[in-house]
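Novice: sequence-free structure coming up:
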């Protein structure tokens, strides 16, 4: 834990009753400690030398996104060079992973790299080289579908509130259902539709009826719909009445507060996503960023929820599973295993951007393939730090869509994924 008064960190090793005290080095962001024994340090690598000043880097904040360049800033030039040389020498040795490389260097005379350099390479570039992932990845079985069946303790009859909102350059139709408190959002844009035609009666009708059909697939019945005076929606009154739905239209210049509040929350979440990405999103990424924001909102447990459940849990009947539903953050870079591996020399992984969980029983995720620029579904992938080449590629795609590129500096700290040191609290790494 951090002691704000004394500007130091107190760390209690696992299953021990004493603490390590890390104090800040003057003029730096490094917190150091001198060791007099090896007590409780055997779980961590590399072990410190007695009476030797070792420092550990501690990164505050909760930024769940990092690039290779940001990770390099956390280390000295010498450490970055050591990590680069280690990763290159691993390729010369033909070592597919760090564990194999550490075993091999013990039997090499005049070896220019060390275990410490290999650890640094993992912390900066991610666990394993990309070419090793492409060449050595094996197809794995998809996890078994864990289907949870049980009675729903939620009212089946629902009231709906609909509106159209914009997150430039895209338009969306939103349906909020109460008391379920679930919101459904779908884009009114498509590749073959002009912006002027996205609010036509036929387009809005198609999107709205697909939402109602999806709601009915879970045995929920939409009885009433309330909306403001949006022309595209008022023109659908006869069609909705034919489906047994009563429509209530608000007065001129009046709004429906239930849906207005949801739109505000979705835009706040969407803005949060955009502000932490180190690249500019093209239209496709902006679309899925909005869907991801809606997914996050539907996972929130309201302070007024008497049942303690999120809208998503009420709707699909199961809790979030961290291993299936929370495997990534939107915009993360990864290498996904191809659907069918073969014995030819083609790559066994595809470079992708993480988009959205599929909410199925096996934990499938929707990803953007950076080669085909198609949205694909995969069960298995490896998260990696964002490289400069990927950032450049994504910025070029945004520029082609006519979106002004540029990422605003925000001064956030970087939290790096702990590799091989998962017993330490928060994000702490020994770097000697």
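Specialist: Sure, I can see it. This one's a predicted model, so the numbers in the text were calculated from it and none came from an experiment.
Novice: pretty sure residue 172 contacts residue 188?
Specialist: Yes: with the criterion set as CB atoms under 8 Å, residue 172 and residue 188 qualify as a contacting pair; they are 6.4 Å apart. In this view, the C-beta of every residue, glycine as well, is placed from N, C-alpha and C.
Novice: overlap in contacts of those two?
Specialist: Shared contacts of residue 172 and residue 188, defined by CB atoms under 8 Å, 6 or more residues apart in numbering, comprise residue 164.
Novice: which stretches of the stretch 151-300 of the chain form strands?
Specialist: Defined through DSSP state E, counting those that start in this stretch, the strands belonging to the stretch 151-300 of the chain, from first to last, are 157-167, 170-178, 182-187, 221-227, 246-249.
Novice: Quick one: closest of those strands to residue 123.
Specialist: Closest to residue 123 of the strands of the stretch 151-300 of the chain is strand 157-167 (CB to CB; 35.9 Å).
Novice: angle of the closest one against strand 182-187?
Specialist: 40 degrees (axes from the mean of the first three to the mean of the last three CA atoms, to 10 degrees).
Novice: other SSEs contacting strand 157-167?
Specialist: strand 170-178, helix 201-216, strand 221-227, helix 231-234, helix 257-276 (3 or more CB pairs under 8 Å, 6 or more residues apart in numbering; DSSP states H and E).
Novice: hmm, back to that, kindly present the strands of the stretch 151-300 of the chain as JSON lines, with separate columns for mean neighbour count and mean pLDDT.
Specialist: Shown next, in JSON lines, are the strands of the stretch 151-300 of the chain (neighbours: other CB atoms under 10 Å; pLDDT from 0 to 100):
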{"stretch": "strand 157-167", "mean neighbour count": "19", "mean pLDDT": "91"}
{"stretch": "strand 170-178", "mean neighbour count": "21", "mean pLDDT": "92"}
{"stretch": "strand 182-187", "mean neighbour count": "20", "mean pLDDT": "92"}
{"stretch": "strand 221-227", "mean neighbour count": "18", "mean pLDDT": "91"}
{"stretch": "strand 246-249", "mean neighbour count": "15", "mean pLDDT": "88"}
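Novice: Out of the ones you listed, which is closest to residue 363?
Specialist: strand 182-187 (21.1 Å).
Novice: can you give me the helices in the stretch 51-200 of the chain?
Specialist: Counting by DSSP state H, counting those that start in this stretch, the stretch 51-200 of the chain has helices at residues 68-72, 77-93, 98-105, 115-125, 130-136.
Novice: let me redo that: the stretch 251-400 of the chain
Specialist: For the stretch 251-400 of the chain, the helices defined by DSSP H, counting those that start in this stretch cover 257-276, 283-299, 311-316, 322-325, 388-400.
Novice: Where among these is average confidence lowest?
Specialist: Mean pLDDT is lowest for helix 322-325 among those, at a mean of 84.
Novice: neighbours around residue 350, how many?
Specialist: Number of residues near residue 350 (other CB atoms under 10 Å) recorded here: 21.
Novice: how about it, what does it touch?
Specialist: Contacts here follow CB under 8 Å, 6+ apart; on that basis residue 350 touches 335, 336, 338, 367, 369, 370, 371, 376.
Novice: Which among these count as buried?
Specialist: When the contacts of residue 350 are checked for burial by 16 or more other CB atoms under 10 Å, the buried set is 335, 336, 338, 367, 370, 376.
Novice: could I get those as TSV with distance to residue 386 and pLDDT?
Specialist: Putting those into TSV (distance: CB to CB, whole Å; pLDDT from 0 to 100) gives the following:
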residue	distance to residue 386	pLDDT
335	12	91
336	15	91
338	21	89
367	14	95
370	12	93
376	19	94
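Novice: out of the residues you listed, what pair is the most spread apart?
Specialist: The widest separation within the buried ones among the contacts of residue 350 (CB to CB) is 13.7 Å, between 338 and 370.
Novice: mind checking how far the residue in the chain sticking out farthest from the centre is from residue 226?
Specialist: Within the chain, residue 109 marks the point farthest from the mean C-alpha position, 43.2 Å out by CA atoms, centre = their mean. With distances defined as CB to CB, to the nearest Å, the gap from residue 109 to residue 226 amounts to 78 Å.
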